[in-house]
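**Student:** Requesting a structural model of the entry that follows:
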Amino acid sequence: MVVVAIIGILSAVAYPVYSNYIIRGSLADANTGLSTLQAQMERFYQDNRSYATTGTFISPCAANNSSLVFGKFTVSCSGTPSTTGYTLQAAGNGTVAGFTFTVNEAGVRATTAAPSGWNTCTTKWLMKKGDTC
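**Tutor:** Sure, this is the predicted structure:
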């Protein structure tokens, strides 16, 4: 009986820690996806001096059909890129549903949405439960 009680207590503590560990591992996909699309946008800007589609040169936002999947995150352009700016966003699905991360042309990162118990931030991506701005 004592062994069963000890196993119950350990599992009650271990499961939430393990769940957060799994979520943190999936959040790296958002970072990867946003960084990849951001690099594509910056290369496009270097060649065309615009983030928007110019003539026959198609912006990565338009070329990628506005969404790419990285793990459990869908990365897309938030709105239409202008000549001088863009905002990219990664929205979570499945176990990371509720998370939304953004980055703009100036490199400003933000955690715009997060599930209950997680914080949001306008100046960085929060990748751990309990992180603050």
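**Student:** what about the protein, any weak spots by pLDDT?
**Tutor:** 64-66 (pLDDT under 70).
**Student:** Which parts of it are strands?
**Tutor:** Remark: strands assigned in the chain by DSSP state E are 68-70, 73-77, 87-92, 100-104, 109-113.
**Student:** residue closest to the middle of the protein?
**Tutor:** Nearest to the mean C-alpha position of the chain, counting by Cα atoms, centre = their mean, stands Ala30 at 3.2 Å.
**Student:** Not counting sequence-adjacent ones, nearest residue to it?
**Tutor:** Here the nearest residue to Ala30 in space, its sequence neighbours aside, is Ala90; by Cβ to Cβ, 6 or more residues apart in numbering that works out to 4.0 Å. Where C-beta positions appear, they are placed from N, C-alpha and C, glycine not excepted.
**Student:** residue contacts, that neighbour?
**Tutor:** 29-30, 33-34, 70, 73-75, 99-102 (Cβ atoms under 8 Å, 6 or more residues apart in numbering).
**Student:** Mind doing that once more with 6 Å?
**Tutor:** Applying Cβ atoms under 6 Å, 6 or more residues apart in numbering, we find Ala90 in contact with 30, 33-34, 73, 75, 101.
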